[in-house]
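Participant: The following block contains a protein sequence and its predicted model.
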Amino acid sequence: MKVYLDNAATTPIDPQVVEAMMPYLTETYGNPSSTHAHGRMAKSALEKGRKRLANLINASPSEVFFTSGGTEADNTAICCTIRTKGIKHAITSPIEHHAVLHTLENEEKLGNIKLSKVNVDRNGNIDFEHLTNLVKQNPGSLISLMHANNEIGNLNPIEAIAQLSKEHNCYFHTDTVQTMGHYLKDVHKIGMDFMVGSAHKFHGPKGVGFLYVNKDLKISPFIQGGAQERNMRGGTENIAGIMGMIKALELACADIERHQAHVQGLKSRMIKKLKENIPEIEFNGNPEDEKNSLYTVLNVCLPESEDNDMLLFNLDLAGISCSAGSACSSGSNIGSHVLTAIGADPNRGAVRFSFSKFNTAEEVDYAVEKLAEIYAPVTQ
């Protein structure tokens, strides 16, 4: 059996998305910056698509900018806000995705900002009191905190963070790459300044994403070279990819409750069966707290074993695709910065299973069976 449980890394593209993309690969292939008929057709499709996506997040079309993915969108929001607004202080957490963490650390290294990192507890929850103190001490900061952690699945209270940001004249950027298409988004209700999405995390194509920028803010472009995206992003737009992303997000939002129920059922099933089959099993994050844990991600903390170094290889041999890692050992930078930051035991293996609407209960059962076989000597 072949089982794909690495959907937090990328999801399989939905066949309906492929179908929606085909006309823009074979018929409407013009450059949207061209003024001839082929170009005008592409431009019309692009702007109609922008409106469709904006409607899904309750934004204005003028607030949506298409990018090559989440990393570019994160870099644009962070670097261009620091430059345009003269930001001198930024706040993030030690468990952010590297698209955010490395970008902010580089800005500090260049001398552009001072960077503060909010404390997190053993389960990866941010210390909101510490965050509040940092914001009060540094009004006007750039706050960059993700909606859900990509390794352990913890959900941050982004509405509360947005409110705190407003109270102290800060700018709030949130990476919602892992939650876009899995939770409905209303940018005006949440109140953030910047929000990021990436198509391949919700069954769209790779290499395309978007950045929401609050209409009250003006920032300079990150990529120079042309007047595309209303002078905000040089480079010819990936029309087929953009249209695929929009279709994928429409499909996700239209069926979101059934999707949530199905995938949460798979996650709960795996937790239960792992507990039954591997007595020393533990979990990283808040996996059994459905209100505070992303339902698509389960990070499993495994018993100490000589097999930990070969865990991913052995699962791959069994036909199971997932992600594995452990906390960084003392004196070593190898391993997960997230698990290290929350104080996970570096001697215990860790594996991230991440689910999608295409997964089944039979696949979950098979993955648990094979994992239990690997750790049978430990538990017998």
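Facilitator: Great, that's in hand.

Participant: for the nearest residue to Asp175 once chain neighbours are set aside, phi and psi?
Facilitator: What sits nearest to Asp175 in space, not counting adjacent residues and going by CB to CB, 6 or more residues apart in numbering, is Met146, at 4.3 Å. No exception for glycine: its C-beta is placed from N, CA and C like everyone else's. When read as degrees, to the nearest 10, the backbone of Met146 gives phi -70, psi 160.

Participant: Give me the pLDDT for Met146.
Facilitator: In this model, Met146 is scored at 98, pLDDT.

Participant: Please apply the same query to Asp345.
Facilitator: Listed pLDDT for Asp345 reads 89.

Participant: my read: it touches Cys301, true?
Facilitator: Yes: proximity of Asp345 to Cys301 meets the contact threshold set by CB atoms under 8 Å, at 7.5 Å.

Participant: Which one's more surrounded, those two?
Facilitator: The neighbour comparison of Asp345 against Cys301 (other CB atoms under 10 Å) goes to Cys301, with 20 against 13.

Participant: The more buried one contacts Gly285, correct?
Facilitator: No: contact criterion CB under 8 Å: Cys301 and Gly285 do not qualify, at 9.6 Å.

Participant: where does this structure have low pLDDT?
Facilitator: Applying pLDDT under 70 to the chain flags residues 307, 325-334, 377-380.

Participant: what are the ranges of the strands in it?
Facilitator: For the chain, applying DSSP state E gives strands covering 3-4, 64-67, 89-92, 114-117, 142-144, 171-175, 194-198, 209-213, 282-284, 297-304, 320-321, 323-324, 348-354.

Participant: Is it possible to get the ones you listed out as a markdown table so that each row also shows distance to Gly49?
Facilitator: Below are the strands of the chain laid out as a markdown table (distance: least, CB to CB, whole Å):
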| stretch | distance to Gly49 |
| --- | --- |
| strand 3-4 | 29 |
| strand 64-67 | 9 |
| strand 89-92 | 32 |
| strand 114-117 | 36 |
| strand 142-144 | 27 |
| strand 171-175 | 22 |
| strand 194-198 | 14 |
| strand 209-213 | 10 |
| strand 282-284 | 38 |
| strand 297-304 | 29 |
| strand 320-321 | 31 |
| strand 323-324 | 32 |
| strand 348-354 | 28 |
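
Participant: So which of those strands is the most surrounded?
Facilitator: strand 194-198 (a mean of 28; mean count of other CB atoms under 10 Å).

Participant: how close does Lys291 get to Asp127?
Facilitator: Taking CB to CB, to the nearest Å as the criterion, Lys291 is separated from Asp127 by 19 Å.

Participant: Asn133 too?
Facilitator: From Asn133 to Asp127 the distance is 9 Å (CB to CB).

Participant: go on, Thr11?
Facilitator: 32 Å.

Participant: who has more neighbours, those two?
Facilitator: Using other CB under 10 Å as the criterion, Thr11 and Asp127 rank with Thr11 on top: 25 against 14.

Participant: How about the contacts made by the more buried one?
Facilitator: Counting by CB atoms under 8 Å, 6 or more residues apart in numbering, Thr11 makes contact with 200-204, 356.

Participant: Tell me the most packed of those, by neighbour count.
Facilitator: Gly204 (32 neighbours).

Participant: burial measure for the residue nearest to it when sequence neighbours are not counted, as a count.
Facilitator: With sequence-adjacent residues excluded and distances taken as CB to CB, 6+ apart, Gly204 is closest to Ala248, at 3.3 Å. Per other CB under 10 Å, the neighbour tally for Ala248 reads 27.

Participant: what do you get for the one 4 residues further on?
Facilitator: Neighbours of Ala252 under the rule other CB under 10 Å: 23.

Participant: Tell me the spacing between the residue nearest to it when sequence neighbours are not counted and Ser268.
Facilitator: Setting aside the residues directly before and after it, Ala252 is nearest to Gly181 in space (CB to CB, 6+ apart), at 3.6 Å. Distance, Gly181 to Ser268, by CB to CB: 21 Å.

Participant: For the two, indicate the residue with more neighbours.
Facilitator: Using other CB under 10 Å as the criterion, Gly181 and Ser268 rank with Gly181 on top: 28 against 16.

Participant: Was I right to think the more buried one contacts Asp255?
Facilitator: No: the criterion here is CB under 8 Å, and Gly181 misses it with Asp255 at 10.2 Å.

Participant: so how far does stretch 102-121 reach from one end to the other?
Facilitator: The first residue of stretch 102-121 is 21 Å away from its last residue (CA to CA, to the nearest Å).
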